[in-house]
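**Q** sharing a model that was predicted from the sequence below.
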Amino acid sequence: MKNHFDEAAALLVLIRHADSAAALRTLFDKFGSAEVLFSAGKHEWRAAGISEKACAQMQMPDLARLDAGLKWCDHPNHHVIPWHSPDYPALLRQAENPPPALFLMGDIDLLWHPQIAVVGSRHPGPGGKENARSFARAFAQAGWCVTSGLAEGIDTCAHNGALEVVSRGRANTIAVVATGLDQAYPERNHGLMKSISEAGLVVSEHPPGTPPLREHFPSRNRIIAGLSLGCLVVEAAERSGALITARLAGEIGREVFAIPGSIHNPMARGCHKLIRQGALLVEKPDELVDALQPVALDLAEALRGRLCRIESDSGNTRNRSPQGPLWDALGHDPVSLDQLHQRTGLTTPELSSMLLAMELEGFIGVADGRYTRNT
C-alpha cells in the first residue's frame, strides 16, 4: 500500500470503499480534506462508523482501478465535488442521506440553477411521452433546468425536450445516473448521455467503473429530488420508481406535481394517487412555474444568509433591495458569468448563489446564459 495519496487519489479511495456515507460526511467535516482524512488512518475511520472490511479495502486499494479513476478525473470536462467543497449544491445537503461526493460531466454551473425534476414511467403512452417533452421544453425556455434520471420513457423524453432549447451551447438539463460516468445505462441512451454531457450536466454519486447495480437506482432518486425545487410526475403506475422520487421530494419540503390522465390508463394511476395525497394537479407548464414561486422565494431567503456572509466579507451588507459590487457589476446590459467573475473577483459558487437569490426574488433575469437587471 502507498503510505500517502494526494487529494484526488485519497478522495477516490474513500468514496469507492467507505461503506457509510454518514460516517464519511462526518469525517470530511472534521478533517476538511480527503488527503488529511486518508492520512488520519484506520482508528479515525473505525471511530466514525466505517466497517473493518471497508477499512481494509481503503488500506489496500486496487491501484490499477485507482489509476483508471484518476485518468477519468484528468479530463477537462470531468469534475468531482466532495461534501466539504463550497461547490457542493446547498439544496442537496437537505436531502435524505446526501452523497459524500458528486462526479460530474459537463457544465457544473447548472448545479446552482433552479431545477424542476421531471420523472415518470419507463413505458409511457404516446400522450405521456409528448407531455414530458413539451413540459420540459417549456421549462427550459422559461429558464428552469430539467432534472431527470436518464432512464427510458419519461426521463428520456424530458431530457430530449430540454435539449431542444440550446442557447450559447448550453441546454438546461441535468441527468442523474446510477452508474459510474464512464458508462451509460441503458446502453441505448449512450448518445443522449453524451449530448447532455456536452451541453448540460451528468451527475453520479458513484466513481468511474461502477456498474448498474439494482440497489443504486432507488438511491439515485434522492439526488434528483434533492437538487430540485419541485418534482413533476408525468405518467406513472401505482408501483413506480417515480413515486419514490415524489415521496422523497415531499419529505424534504419540495412541492410535488402530477399530470392527470384517463381513468382507464394504468400509467395514470400513480399520478391520480399522488393527487389524492395532496400533489398539485397541473395541466400546463406555466401552472407549475407559478406554483413554485413561493418555494423559490423560500430558497432565496435561505440563500440570503450565505449572501450576507459573502458581502460582509467584502465590506458590504445586504438590504432588501440589491446593492454591492455584484449589483454594480451587473450594470444595465446583459452580462455573462465569466464577465461577472472578472469584474467582482468572486468565485463561481459565490456568484452562483448570489445570482440565484437575486433571480428567485425577481431582481434579475437570465436569458441565453447572460444576466441583466429587472429594475
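**A** Here it is on my side, so go on.

**Q** so, low pLDDT: which residues of this structure?
**A** Counting by pLDDT under 70, the ranges of the chain that qualify are 1-4, 295-323, 348-350, 353, 360-361, 367-369, 375.

**Q** strands along that one, start to end?
**A** Secondary structure of the chain (DSSP state E): strands located at 78-82, 101-106, 115-119, 145-148, 166-167, 170-171, 173-176, 201-204, 230-233, 255-258, 280-281, 335-336, 364-367, 370-373.

**Q** out of those, which is closest to His272?
**A** Among the strands of the chain, strand 255-258 comes nearest to His272, with 7.7 Å by CB to CB. All C-beta atoms are positioned from the backbone trio N, CA, C, and that covers glycine.

**Q** please name every helix or strand in contact with the closest one.
**A** When contacts are defined as 3 or more CB pairs under 8 Å, 6 or more residues apart in numbering; DSSP states H and E, strand 255-258 packs onto strand 230-233, helix 241-251, helix 269-276, strand 280-281, helix 285-313.

**Q** direction included, what does the first one pair against?
**A** For strand 230-233, sheet partners with direction are given as strand 115-119 (parallel), strand 255-258 (parallel), following DSSP bridges.

**Q** how about a markdown table for those strands, with distance to Ala47 and mean neighbour count added?
**A** Shown next, in a markdown table, are these (distance: least, CB to CB, whole Å; neighbours: other CB atoms under 10 Å):
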| stretch | distance to Ala47 | mean neighbour count |
| --- | --- | --- |
| strand 115-119 | 37 | 31 |
| strand 255-258 | 39 | 24 |
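
**Q** could you dump those strands to a markdown table with distance to Arg276?
**A** Shown next, in a markdown table, are these (distance: least, CB to CB, whole Å):
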| stretch | distance to Arg276 |
| --- | --- |
| strand 115-119 | 18 |
| strand 255-258 | 10 |
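
**Q** which one of the ones you listed lies closest to Thr245?
**A** strand 115-119 (4.9 Å).

**Q** now the closest one: how far from the chain's centre is it?
**A** Averaging C-alpha positions (CA atoms, centre = their mean, to the nearest Å) puts strand 115-119 10 Å from its chain's average.

**Q** measure how it sits relative to helix 241-251, angle-wise.
**A** Inter-element angle recorded for strand 115-119 and helix 241-251: 150 degrees (by axes from the mean of the first three to the mean of the last three CA atoms, to 10 degrees).

**Q** mind listing residues that contact strand 115-119?
**A** Contact partners of strand 115-119, identified using CB atoms under 8 Å, 6 or more residues apart in numbering, comprise 132, 135-136, 139, 144-149, 154-155, 158, 174, 221, 224-225, 227-234, 236, 241-242, 245-246, 249, 288, 292.

**Q** on that earlier part again, let's have the strands of the chain in JSON lines, adding distance to Ile15.
**A** As requested, the strands of the chain are exported to JSON lines (distance: least, CB to CB, whole Å):
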{"stretch": "strand 78-82", "distance to Ile15": "8"}
{"stretch": "strand 101-106", "distance to Ile15": "5"}
{"stretch": "strand 115-119", "distance to Ile15": "23"}
{"stretch": "strand 145-148", "distance to Ile15": "22"}
{"stretch": "strand 166-167", "distance to Ile15": "32"}
{"stretch": "strand 170-171", "distance to Ile15": "28"}
{"stretch": "strand 173-176", "distance to Ile15": "16"}
{"stretch": "strand 201-204", "distance to Ile15": "11"}
{"stretch": "strand 230-233", "distance to Ile15": "27"}
{"stretch": "strand 255-258", "distance to Ile15": "31"}
{"stretch": "strand 280-281", "distance to Ile15": "37"}
{"stretch": "strand 335-336", "distance to Ile15": "33"}
{"stretch": "strand 364-367", "distance to Ile15": "33"}
{"stretch": "strand 370-373", "distance to Ile15": "34"}
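
**Q** right, so of those strands, which gets closest to Ala8?
**A** That would be, of the strands of the chain and by CB to CB, strand 78-82, which comes in at 7.4 Å.

**Q** give me the residues contacting the closest one.
**A** 8, 11, 28, 34, 72-73, 87-88, 100-105, 108, 111, 181.

**Q** out of those, which end up buried?
**A** 8, 11, 28, 34, 72-73, 87-88, 100-105, 108, 111, 181 (16 or more other CB atoms under 10 Å).

**Q** separation between Leu102 and Val165?
**A** 24 Å (CB to CB, to the nearest Å).

**Q** and the protein, what are its domains?
**A** 7-74, 106-283, 294-373 (automatic domain parsing).

**Q** need the winner for burial among the ones you listed.
**A** Stretch with highest mean neighbour count among these: domain 106-283 (a mean of 21; mean count of other CB atoms under 10 Å).

**Q** now do the same end-to-end measure for that one.
**A** Counting by CA to CA, to the nearest Å, you get 32 Å between the two ends of domain 106-283.

**Q** what of stretch 104-122?
**A** Taking CA to CA as the measure, stretch 104-122 stretches 24 Å from start to finish.

**Q** is it true that His249 touches Ser228?
**A** No, residue 249 isn't His; it's Ala. Yes: Ala249 lies in contact with Ser228 (CB atoms under 8 Å); the separation is 6.9 Å.

**Q** quick one: the residue positioned nearest the centre of the chain from Ala54, how far?
**A** In the chain, the residue lying closest to the centroid (CA atoms, centre = their mean) is Leu227, at 4.2 Å. Using CB to CB, we find Leu227 at a distance of 27 Å from Ala54.

**Q** nothing else from me, thank you.
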